[in-house]
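Visitor: Pasting a predicted model and its sequence here:
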Amino acid sequence: MGRRASVNAKKRNRRIVTISIVVAIIAVVVVLVLLVEASNQDPLSSYIGQPVSSSILQQLTGVSDSTLSKVGLPSTVTPPAAVSGTPLTSGGKPVILYVGGEFCPYCAVERWSIIIALSHFGNFSGLEYMQSSSYDVNANTPTFTFVDASYTSSYINFTAREELDRNTATLQTLNSFVSSVYSQYGTCAATGGAGGIPFVDIANAYVVNCGSQFNAGTGSPADIAGDNWTQVSSQLNTASSPVAQVIDGAANTLITAICKVDGEQPASVCTQSFADVTLSDATAASASGPQNLALTPQVREESRWAS
């Protein structure tokens, strides 16, 4: 019995050792997985959905007239295209309409210009941090979202719809008003007649409908993917910065277009040289029918960035 007990004890010990080794291996694997996940996690993602800080907002809205005038209209910026239609107004004021998606890297860069431009005519509140999707080109481009934002102005009205969230899930559907305008002016000849985002309609007089107004693709001087919001905003008031050149330059075209549709008001803005850059007189592609933005967003974004 003594010998049998000894044998059984040795077997138990071997089992214990084996189990201990297996547990240790599993623990090591779990730790390695967690470390890999932590290394792949974007440290800026925690800001998504948080209110924009007062310092960032000040840099966005505080780009000086001097800087905007020095930037003017760089050759790297494509102005909105002229269209001919019934003036788009609400409450006697011109309507600026934006359609985009939080996932979209092209919408991401265009929002910087939109906020700078519209801040010359009114005030935003409720802006929140956002990044473009982590799996599209120019992954994690720093930007903002208009979902919970509001805008007040004595001169214009601003309507924004972010149809898809950062993961391309439905976020805001297009109501009949927005859908009708988008279906008429949102198509893009460069993508074979498909709708384009970001889409910006300035009172049915000018539209941005074939992607962002400038090329900030991977490796370009204005590529801001992976930067944080401070790194971008801190450059906006430096006219020689490649980032300021395109973001401020695009803002100048929007400011100019708005001044043309709102009676050149306020005079303190619309008499500035940056509010009088040359706009395109080319008419945007005519619509071929309503488009569903959620169906093929990737295809319709590519045209501007491929150039």
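Guide: Yes, it's here. Numbering: from 1, shown residues only.

Visitor: which stretches of the stretch 151-300 of the chain have low pLDDT?
Guide: For the stretch 151-300 of the chain, the stretches flagged by pLDDT under 70 are 190-191, 281-300.

Visitor: Tell me which stretches of it form helices.
Guide: 176-185, 229-233, 242-261, 267-270, 297-306 (DSSP state H, counting those that start in this stretch).

Visitor: so which of those helices is the most packed in?
Guide: helix 242-261 (a mean of 25; mean count of other Cβ atoms under 10 Å). (Each C-beta comes from the backbone N, C-alpha and C, glycine too.)

Visitor: Make sure Y106 is indeed in a helix.
Guide: Yes. Assessed by DSSP: H, G, I helix; E, B strand; the rest coil, Y106 belongs to a helix.

Visitor: P142 is nearest to which of the helices of the stretch 151-300 of the chain?
Guide: P142 lies closest to helix 229-233 among those, at 4.9 Å (Cβ to Cβ).

Visitor: same for the closest one, what does it pack against?
Guide: helix 54-61, strand 142-145 (3 or more Cβ pairs under 8 Å, 6 or more residues apart in numbering; DSSP states H and E).

Visitor: Kindly compare burial across those and name the winner.
Guide: For these, the highest mean count by mean count of other Cβ under 10 Å goes to strand 142-145, at a mean of 24.

Visitor: Would you mind putting the helices of the stretch 151-300 of the chain into JSON lines with distance to V277 alongside?
Guide: Formatted as JSON lines, those follow (distance: least, Cβ to Cβ, whole Å):
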{"stretch": "helix 176-185", "distance to V277": "21"}
{"stretch": "helix 229-233", "distance to V277": "22"}
{"stretch": "helix 242-261", "distance to V277": "5"}
{"stretch": "helix 267-270", "distance to V277": "12"}
{"stretch": "helix 297-306", "distance to V277": "19"}
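
Visitor: Any idea which of these gets closest to G126?
Guide: helix 229-233 (16.1 Å).

Visitor: Residues contacting that closest one, please?
Guide: Y47, V52, S55, I56, Q59, L60, W112, Y129, P142, I224, V243, I247 (Cβ atoms under 8 Å, 6 or more residues apart in numbering).

Visitor: Using CSV, lay out the helices and strands packed on helix 229-233 together with distance to L118 and mean pLDDT.
Guide: As requested, those are exported to CSV (distance: least, Cβ to Cβ, whole Å; pLDDT from 0 to 100):
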stretch, distance to L118, mean pLDDT
helix 54-61, 9, 96
strand 142-145, 12, 97
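
Visitor: Now tabulate those in CSV and tack on distance to F199.
Guide: Output for the helices and strands packed on helix 229-233, formatted as CSV (distance: least, Cβ to Cβ, whole Å):
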stretch, distance to F199
helix 54-61, 21
strand 142-145, 16
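
Visitor: of those, which approaches C259 most closely?
Guide: It is, among these and with distance given as Cβ to Cβ, helix 54-61, at 17.5 Å.

Visitor: helices or strands next to the closest one in the packing?
Guide: Using 3+ Cβ pairs under 8 Å, 6+ apart as the test, helix 54-61 ends up in contact with helix 105-118, helix 229-233.

Visitor: Any chance of those helices in JSON lines with distance to S154 as columns?
Guide: Supplementary listing: the helices and strands packed on helix 54-61 in JSON lines, determined by distance: least, Cβ to Cβ, whole Å:
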{"stretch": "helix 105-118", "distance to S154": "13"}
{"stretch": "helix 229-233", "distance to S154": "26"}
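
Visitor: Among the ones you listed, show me which one is buried the most.
Guide: helix 105-118 (a mean of 27).

Visitor: following that helix, which helix or strand comes up?
Guide: strand 122-125 (DSSP states H and E).

Visitor: now that next one, how far from the chain's geometric center?
Guide: Put simply, strand 122-125 sits 18 Å off its chain's centre (Cα atoms, centre = their mean, to the nearest Å).

Visitor: Okay, buried residues for it please.
Guide: F124 (16 or more other Cβ atoms under 10 Å).

Visitor: Can you name every helix or strand that it contacts?
Guide: Here strand 122-125 touches strand 150-153, going by 3+ Cβ pairs under 8 Å, 6+ apart.

Visitor: in the strand it packs on, what counts as buried?
Guide: Y151, S153.

Visitor: So in that sheet, which strands flank it, and in what orientation?
Guide: Strand 150-153 sits in its sheet next to strand 122-125 (antiparallel), going by DSSP bridges.
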